[in-house]
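Engineer: below is the sequence, then the predicted model.
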Amino acid sequence: MHGDPPGSENLAAVWGRRRLPVMSPVPPLRARLGALALAGGAWCAGCQEPTVGVRVVFPSELAFLHTAVARVDVYDGSDAGDRSPDAICRALSQNPPTPPAGVQVLATSGNTDACLLPAGGVTLDGVGVGRRVLFVEGIDVDGRPILRGCTVVDLFGDDATLSDDDAAVARDLGANALVEVQLSFLPDFPAGVAGCTSIAEKCEENISCRP
């Protein structure tokens with residue numbers, strides 16, 4: 001993984017000017033787990049089954065323009081040792097991304113249009129309550145993985161644990177949990193500019209972003 005390619009810019013400014021859904025980098029979700037974790041490590045008695053809205057955070061506008069589709073996979077992160085959350089994320093960082101032996105996908109979005117991702121357009125059911133690993137892979141128009149992200153979060157179906165803004169987004173999605181996953185560049189990220197020049201061209205005018 002490496003830094004922003006030349007010509008990219010932070011999306012905080014881009015989305016601030018356009019008043020579109022926020023995709024600027026945010027603090028890692030692990031830093032916010034204190035707001036989600038329950039005292040003593042016990043899970044929420046009587047909570048609903050989580051319906052999870054996933055908001056994908058792109059590292060730059062150029063990264064978003066180059067991404068055609070992305071896939072969100074959810075894994076059980078409740079084990080330790082070689083099936084711990086950190087072990088799962090490490091295994092998924094390899095090429096090809098392969099979870100540790102015995103670790104199965106609980107839910108997947110399949111390949112999803114990138115334009116649906118910034119505002120939390122991916123909603124997943126059947127992930128269960130507990131510690132979960134969310135893995136996202138961004139793919140370009142030629143089918144090459146160019147971005148990845150992996151986040152560990154404690155999930156339970158109680159939107160009272162969310163901030164007011166996140167709870168509002170979750171309700172709009174029909175979800176009771178909201179997770180952000182920060183993507184990072186892979187070494188094979190395209191060196192050239194995208195064929196489209198703006199978010200509006202990509203998502204509103206449907207102009208091809210093929211380099």
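Structural biologist: Yep, it's here. Please read these numbers as outputs of a predicted model, since none were measured by experiment.
Engineer: wasn't Pro96 part of a strand?
Structural biologist: No: counting by DSSP: H, G, I helix; E, B strand; the rest coil, Pro96 is not part of a strand but coil.
Engineer: got the CA coordinates for the helix or strand encompassing Ile146 in CSV?
Structural biologist: Here Ile146 is covered by strand 145-155, with elements defined by DSSP states H and E. Extracted C-alpha coordinates of strand 145-155, given in CSV (Å, rounded to 0.1, in the frame of the first residue of the first chain):
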residue,chain,number,x,y,z
PRO,A,145,-8.2,-5.3,-6.9
ILE,A,146,-6.9,-1.8,-6.3
LEU,A,147,-8.1,-0.9,-2.7
ARG,A,148,-8.7,-2.9,0.5
GLY,A,149,-9.8,-2.2,4.0
CYS,A,150,-10.4,-4.4,7.1
THR,A,151,-12.3,-3.3,10.2
VAL,A,152,-13.1,-5.0,13.5
VAL,A,153,-16.3,-4.0,15.3
ASP,A,154,-18.7,-5.2,18.0
LEU,A,155,-22.2,-5.4,16.6
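Engineer: what packs against that strand?
Structural biologist: The contact analysis (3 or more C-beta pairs under 8 Å, 6 or more residues apart in numbering; DSSP states H and E) places strand 145-155 against strand 52-57, helix 61-66, helix 85-92, strand 130-139, strand 177-182, strand 184-185. C-betas here are computed from N, CA, C, even on glycine.
Engineer: could I get those in CSV, plus columns for mean pLDDT and mean neighbour count?
Structural biologist: Formatted as CSV, the helices and strands packed on strand 145-155 follow (pLDDT from 0 to 100; neighbours: other C-beta atoms under 10 Å):
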stretch, mean pLDDT, mean neighbour count
strand 52-57, 91, 24
helix 61-66, 96, 26
helix 85-92, 98, 19
strand 130-139, 97, 23
strand 177-182, 92, 24
strand 184-185, 97, 19
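Engineer: low-confidence regions, this protein specifically.
Structural biologist: The chain contains residues with pLDDT under 70 at 1-47, 119-120, 157-160.
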